[in-house]
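Participant: My questions are about this predicted structure, shown below with the sequence.
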Amino acid sequence: MLSRIVHAVHRRFIWLVVASYFVAALLPQFGLWIRTASLGFVPLTQGRLEASLPSIMLASLLFNAGLGVRLSDLKQLIHGPGPLLAGLVANLTLPVTYIFVVSQVMRLWHNSEEVQHILVGLALVASMPIAGSSTAWTQNANGNLALSLGLVLFSTILSPLATPLVLHAVGLMTTGDYSEDLHELASGGVGSFLGVWVILPSLAGIAARLLAGENRMAIIRPYLKLVNWAVLLLLNYSNASLSLPKAVAEPDFDYLAVMLVLALSLCAVAFTTGWGIARVLRTDRDQRVSMMFALGMNNNGAGLVLASIALADHPQVMLPIIFYNLVQHLVAASVDALMFRDVVQETD
């Protein structure tokens, strides 16, 4: 019975994602509450970190991913780090190259202010580490969780260096106050946030799997997938609740259209690059799954937090971030349905 439920949800998940966006546009109140809900603070050596509900939901995805990592895959990752290194390099260079191309093409756009909104929004997307939710998509498609989690963890560990580098690079492509904001933001840090809500839950999940053993993991694996799907839908809904209601009520059709095209094209290029790298390296199917979802998905939740704090005077820059967040999950669901559904049904 449980297996049938998992298969049914997996088969229709793309439509559940679309439905979550419609609900966010029409009934955003609960989604806005999710984004503001807090369960207290995490004490740190310097200050404290808010335990917001979205942060805890993100941590749950990473904990589940850690639970799903097989030790044999970890050993393979250590002895054959080629896919991991290639994925990290591509995750850093591909989005910056894309943004540079966009900055040149968008010189023809009639509204220079909208161009700056788009470039800054894309900068925050590009500067974030690989999304923790990519591990959930990888897990649901029976990909290589060790590679997936390794890409998330190492891109996060490298973020104190990579994030400022990307923000400074795009700061050179923008102008005026937007350029200044990006350079100032690059001087700050997001290490505490990423360490608490990404790195620690992942390591805790791996440790919990060692304690649980393979037999118990085989029993709880279908439940983990259902939990992942529920968390992904709630996160999509809450993120969309920030901007979709206004975009629907006061539509700027040409601006929305160009953002949709740019988000779709960036996401398509990223997923295709993941597939291409896997082909060049001649990886197996499971590693190809991990590479595609990792390169196609960035931690836009952290990007939204940074935008709301550091760029409060430019709230419009949040719209490209949310658009990409919406698009990346739609593309992920489409890739999952078109390329990996049959394999999942055979292996579950």
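Facilitator: Thanks, I have the structure now.
Participant: Which helix or strand contains the closest residue to Y237 other than its chain neighbours?
Facilitator: Counting by C-beta to C-beta, 6 or more residues apart in numbering, Y237 lies nearest to S20, which is 4.3 Å off, once chain neighbours are set aside. Every residue, glycine included, has its C-beta placed from N, CA and C. If you go by DSSP states H and E, S20 is part of helix 2-26.
Participant: what do you get for G40?
Facilitator: Taking DSSP H and E as the criterion, the element that holds G40 is strand 38-43.
Participant: Next, the angle from whichever helix or strand comes after that strand to strand 38-43.
Facilitator: Next in sequence after strand 38-43, counting helices and strands by DSSP H and E, comes strand 48-52. In terms of direction (axes from the mean of the first three to the mean of the last three C-alpha atoms, to 10 degrees), strand 48-52 departs from strand 38-43 by 150 degrees.
Participant: does G31 belong to a helix or a strand, and which?
Facilitator: Using DSSP H and E, G31 falls in helix 29-36.
Participant: let me fix that: W137
Facilitator: Going by DSSP H and E, W137 is in helix 133-140.
Participant: packing partners for that helix?
Facilitator: Here helix 133-140 is seen to pack against helix 53-68, helix 145-157, helix 214-240, helix 285-296, helix 318-335 when contacts are counted using 3 or more C-beta pairs under 8 Å, 6 or more residues apart in numbering; DSSP states H and E.
Participant: Please repeat the previous calculation with a cut-off of 7 Å.
Facilitator: Applying 3 or more C-beta pairs under 7 Å, 6 or more residues apart in numbering; DSSP states H and E, one finds that helix 133-140 makes contact with helix 53-68, helix 145-157, helix 214-240, helix 285-296.
Participant: With respect to burial, which of the ones you listed scores highest?
Facilitator: Highest mean neighbour count of the helices and strands packed on helix 133-140: helix 285-296, a mean of 28 (counted as mean count of other C-beta atoms under 10 Å).
Participant: Just want to check the distance between the residue nearest to L16 when sequence neighbours are not counted and A59.
Facilitator: In space, L16 comes closest to L233 once its chain neighbours are excluded; the distance is 6.0 Å by C-beta to C-beta, 6+ apart. In this view, L233 and A59 are 17 Å apart by C-beta to C-beta, to the nearest Å.
Participant: Next, count neighbours for T174.
Facilitator: 22 (other C-beta atoms under 10 Å).
Participant: Next one: L165, what pLDDT does it get?
Facilitator: Listed pLDDT for L165 reads 89.
Participant: quick one: secondary structure of it?
Facilitator: Classification of L165 using DSSP: H, G, I helix; E, B strand; the rest coil returns helix.
Participant: L266 versus L32, what's the distance?
Facilitator: 27 Å.
Participant: between these two, who's got more neighbours?
Facilitator: Between L32 and L266, counting by other C-beta under 10 Å, L266 is the more crowded of the two (25 against 14).
Participant: Just list the residues touching the more buried one, thanks.
Facilitator: Applying C-beta atoms under 7 Å, 6 or more residues apart in numbering, we find L266 in contact with P95, Y98, Y324.
Participant: pretty sure the first one contacts M128?
Facilitator: What that stands for is P95. No: taking contacts as C-beta atoms under 7 Å, P95 lies outside contact range of M128: 9.4 Å.
Participant: Neighbour count for the two, which is higher?
Facilitator: Using other C-beta under 10 Å, the more surrounded residue of P95 and M128 is M128, with 28 against 23.
Participant: Next up, the contacts around the more buried one.
Facilitator: M128 neighbours (C-beta under 7 Å, 6+ apart): N298, N299, N300, A302, G303.
Participant: Kindly report the same for P222.
Facilitator: L2, S3, V6.
Participant: What pLDDT is listed against it?
Facilitator: Looking at P222, the pLDDT reads 84.
Participant: Then G47?
Facilitator: Listed pLDDT for G47 reads 69.
Participant: Kindly report the same for T347.
Facilitator: 47.
Participant: And the lowest mean pLDDT element among the helices and strands of the chain?
Facilitator: Least confident helix or strand, the chain: helix 341-347 with a mean of 51, by mean pLDDT, DSSP states H and E.
Participant: one step back: now, which of the contacts of M128 sits nearest R209?
Facilitator: Nearest to R209 among the contacts of M128, counting by C-beta to C-beta, is N299 at 22.9 Å.
Participant: That closest one and A37, how far apart?
Facilitator: 19 Å.
Participant: Neighbour count: the two, which is higher?
Facilitator: Between N299 and A37, counted using other C-beta under 10 Å, the more crowded position is N299 (28 against 13).
Participant: wait, the more buried one sits on A131?
Facilitator: Yes: counting by C-beta under 7 Å, A131 is a contact partner of N299 at 4.6 Å.
Participant: any low-confidence regions in the stretch 101-250 of the chain?
Facilitator: Confidence mapping of the stretch 101-250 of the chain against pLDDT under 70 gives the ranges 188-191.
Participant: can you do 90?
Facilitator: Low-confidence segments of the stretch 101-250 of the chain, defined by pLDDT under 90: 107-108, 110, 113, 124-150, 152-165, 167, 176-178, 180-250.
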